[in-house]
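Undergrad: I'll drop the sequence and a predicted model, then ask my questions.
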Amino acid sequence: MTTRNNAVEGTGRLEAFSDGVIAIVVTLLVLEIRIPEIHQLTSAGALDAIMHLAPKLAAFFVSFVTVAIFWVNHHHFFHPITKSDGALLWYNNHLLFWLAVIPFATAFVGDYPDISLVVALYGAVLFMAAAAFALMVRHVFFRSDLLPDNFTRAMRVAQMRHTVIGMIVYAVSVGIAFVHPYAAIAIFVLVPMYYFLPRTIAHQG
């Protein structure tokens, strides 16, 4: 069943595809962590090998939480949407593309956390993912009729503002990475804390 402006009832297939891609992203994150080589076959040698693996474990943790928050916000974003259009499908694909790049950026920064360009690349990937989400929100909230009429403009603006904040902070982190890479890494840790508690559109206002 179709609706006006080429919208199609239901978002089930879109959400199922997104869930599948995000599940693969999370799987790739953990696959980037290799079993460490233990040169001294003792507990002390094992601990030393794990300590050398610490940057990759930290990168995995931050990226896992970040991807999880994207998924949670994606879920809450789609909860009130009962139909989709072609533009929404491609905005969503754009978001999934940048989420799929996160495992590569995570492995890179886990190996070289003190190199500015590598940290900036990680921040750029997160910025692009956040920007892709913001573009999707803008389309649904302000350029389509995909939301129910009971969502006021004030509610839409509040949610859009909440979405854009992360994008701006990630953009800033890219510049900071060239000054002090570990300061940028601290930003990557702090941003998920802001988004940790999921928000639904219905509670904006």
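TA: Right, received. Where do you want to start?

Undergrad: quick one: buried residues of the lengthiest helix in the chain?
TA: Using DSSP state H to define each element, the chain has its longest helix at helix 43-78. Within helix 43-78, the residues scored as buried using 16 or more other CB atoms under 10 Å are 53, 55-56, 58-60, 62-67, 69-71, 73-74, 76-78. Bear in mind the C-beta positions are built from the backbone N, C-alpha and C, glycine included.

Undergrad: counting by contacts, list what the helix or strand hosting H139 packs against.
TA: Following DSSP states H and E, one finds H139 within helix 116-142. If you count contacts as 3 or more CB pairs under 8 Å, 6 or more residues apart in numbering; DSSP states H and E, helix 116-142 packs onto helix 43-78, helix 86-111, helix 153-177, helix 181-195.

Undergrad: would you reformat the ones you listed as CSV and include distance to A130?
TA: As requested, the helices and strands packed on helix 116-142 are exported to CSV (distance: least, CB to CB, whole Å):
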stretch, distance to A130
helix 43-78, 8
helix 86-111, 9
helix 153-177, 4
helix 181-195, 9
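
Undergrad: can you lay out those as TSV showing mean pLDDT and distance to R143?
TA: What follows is those, written out as TSV (pLDDT from 0 to 100; distance: least, CB to CB, whole Å):
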stretch	mean pLDDT	distance to R143
helix 43-78	84	15
helix 86-111	95	8
helix 153-177	89	11
helix 181-195	90	24
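
Undergrad: closest one to H139 among those?
TA: Minimum separation from H139 across the helices and strands packed on helix 116-142 (CB to CB) falls at helix 86-111, 5.5 Å.

Undergrad: show me what counts as buried in the helix holding H139.
TA: Buried, per 16+ other CB under 10 Å, within helix 116-142: 116, 118-141.
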